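Trainee: Build the 3D model from these lines:
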Amino acid sequence: MRNYILVAASACALLASCGEPTKTVTEFKADEEARIGALAKCRENPGAWDTTPNCGNAEAATRQMIEDVHQAAIDEAKPLQDRIVEISRACLTVPPMERQSCNQQYVAESQELTAQTREIADRSNARKRELAAQIQRR
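Mentor: Residues are numbered from 1 along each chain as shown. Okay, the predicted model is just below:
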């Protein structure tokens, strides 16, 4: 009987999740504190990454969040890029005498829109790096 208790206690220690309810990927995406806490416990016990559902789910949630951040940046930048194309095409339809003025306007506006796009990319990349650091296995 004593051996069974020892085996059960050892299994509990190995899994590092006894008594903890298993959270889904969706739950971890919605609860950053729980996700970060689970990832911290997983880092404390490297063997838990592949054996504990919460480790796998917290890691999967983080990976999905990285993809969500990436897609949100694309969606946010698309109208800016579309506007650059729109201005460029508009200049092609302008009579030759007015084209230089249109091109100057295009350059000025496209530089501003490109700067805004760069800001979106920088914000997105910073957040993706932050999330990726959370799932680094040390």
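Trainee: buried sites along whatever helix or strand Arg43 lives in?
Mentor: Assigned by DSSP states H and E, Arg43 belongs to helix 32-44. Neighbour-count burial for helix 32-44, with 16 or more other C-beta atoms under 10 Å as criterion, is recorded at Arg35, Ala38, Leu39, Lys41, Cys42, Arg43. C-beta coordinates here come from the backbone N, C-alpha and C atoms, glycine included.
Trainee: what do you get for stretch 89-104?
Mentor: Residues of stretch 89-104 classed as buried: Cys91, Cys102 (neighbour count, 16+ other C-beta under 10 Å).
Trainee: gap between the helix or strand following the helix holding Arg43 and the chain center?
Mentor: Downstream of helix 32-44, the first helix or strand assigned by DSSP H and E is helix 48-51. Relative to the chain's own centre, helix 48-51 is displaced by 22 Å; criterion: C-alpha atoms, centre = their mean, to the nearest Å.
Trainee: could you point out which element follows helix 48-51?
Mentor: Downstream of helix 48-51 (by DSSP H and E), the next one is helix 53-92.
Trainee: tell me the mean pLDDT over that following helix?
Mentor: Mean pLDDT, helix 53-92: 96.
Trainee: list the helices and strands it packs on?
Mentor: helix 25-30, helix 32-44, helix 48-51, helix 96-134 (3 or more C-beta pairs under 8 Å, 6 or more residues apart in numbering; DSSP states H and E).
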